[in-house]
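Novice: Here is my input, please return the structure:
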Amino acid sequence: LPRYIAINPEYSKDIIYLSALAALHEYIVKHEGHDSDIEYVRQLFTFQLWEAILQSSMNYGGSFTMTAESKQNNRTKTYTELAEGRHSVREYADTPVTYDELKPALQIAMRTPSVCNRQPARIHVILNHAIIEEALRIQGGFNGYPTPPALILITADNRVFMSQQEHNEGYTDGGLFGMSLLLALEEQQLAACPLNTMFRATAEKKTRKLLHIPDYENLVMYIAIGHFAKESKTCRSVRRSYMEITTCME
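Specialist: This next block holds a predicted model:
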């Protein structure tokens, strides 16, 4: 934070700065009553920054409570409403997710564009609890949460590409497919969270062996899936305005 303040004269109005304060404020609220922990954290900041953290607005970060009831009309919402209402969820209801429940979202995602309509995306649906648990143990980014009822691995089949210059296209097309699928799952009233598959060699080898993924398929992403819990807390992630990242040549 001090370094960011030093390089950005407009830091006090910047969404990144305000989001950082809000996240730290949430941490303090979470640890109320644990004075020794808070005292250690307090010593990491200047008096001015600590006061800013305490007084920060939770509109810029922290968490909020999501309900299953708020998702009941998802199938009648507009694209804008679905996109603005979707959040990554890591805690789910105890009810299992069936393959039949996933099929409509998978079919919708098949409308995703791809280079020359090559359609490199491949979908690996995992419903076996033990395999999901082991896959996420290798992945390492879901620690501390219950095992989700369903897990999808999206890969890209490199056999559909024709030249060396296309070596990254599978990741682009697979990423597009992943976003289509996330919104389709939201429409089908299923909670989801994308998880990266940027593995080191050992983890990738273990994942390929566990899930029987051939060498000609690149790992693009996991998506953890479950039914929305009656209530669950999730992160409030504020986005920049498009105006901050856009240039227009007229």
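Novice: In this structure, which strand is the longest?
Specialist: strand 217-227 (DSSP state E).
Novice: quick one: strands adjacent to that one?
Specialist: Here strand 217-227 is paired, per DSSP bridges, with strand 150-157 (antiparallel), strand 190-196 (antiparallel).
Novice: Look at R122 and report its pLDDT.
Specialist: We note a pLDDT of 98 for R122 in this prediction.
Novice: Just the CA atoms from the helix or strand it falls within would do, formatted as CSV, please.
Specialist: Under the criterion DSSP states H and E, the helix or strand holding R122 is strand 121-126. The C-alpha trace of strand 121-126 is given here as CSV (Å, rounded to 0.1, in the frame of the first residue of the first chain):
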residue,chain,number,x,y,z
ALA,A,121,-12.6,-27.5,-26.3
ARG,A,122,-13.0,-30.9,-24.6
ILE,A,123,-15.1,-31.4,-21.5
HIS,A,124,-14.2,-33.9,-18.7
VAL,A,125,-17.0,-34.2,-16.2
ILE,A,126,-16.0,-35.7,-12.8
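Novice: now the angle between strand 217-227 and the next helix or strand after it, please.
Specialist: Moving toward the C-terminus from strand 121-126, the next helix or strand (DSSP H and E) is helix 129-139. Orientation of helix 129-139 against strand 217-227 (axes from the mean of the first three to the mean of the last three Cα atoms, to 10 degrees) gives an angle of 120 degrees.
Novice: what packs against helix 129-139?
Specialist: Counting contacts by 3 or more Cβ pairs under 8 Å, 6 or more residues apart in numbering; DSSP states H and E, helix 129-139 packs against strand 150-157, strand 190-196, helix 201-211, strand 217-227. For every residue, glycine as well, the C-beta is placed using N, CA and C.
Novice: As CSV, could you dump the C-alpha coordinates of it?
Specialist: This file holds the C-alpha atoms of helix 129-139, laid out as CSV (Å, rounded to 0.1, in the frame of the first residue of the first chain):
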residue,chain,number,x,y,z
HIS,A,129,-16.1,-37.8,-4.9
ALA,A,130,-12.7,-39.5,-4.3
ILE,A,131,-11.4,-38.4,-7.8
ILE,A,132,-12.5,-34.8,-7.3
GLU,A,133,-10.9,-34.7,-3.9
GLU,A,134,-7.6,-36.0,-5.3
ALA,A,135,-7.7,-33.8,-8.3
LEU,A,136,-8.2,-30.7,-6.2
ARG,A,137,-5.5,-31.8,-3.7
ILE,A,138,-3.0,-31.9,-6.7
GLN,A,139,-4.4,-28.5,-7.9
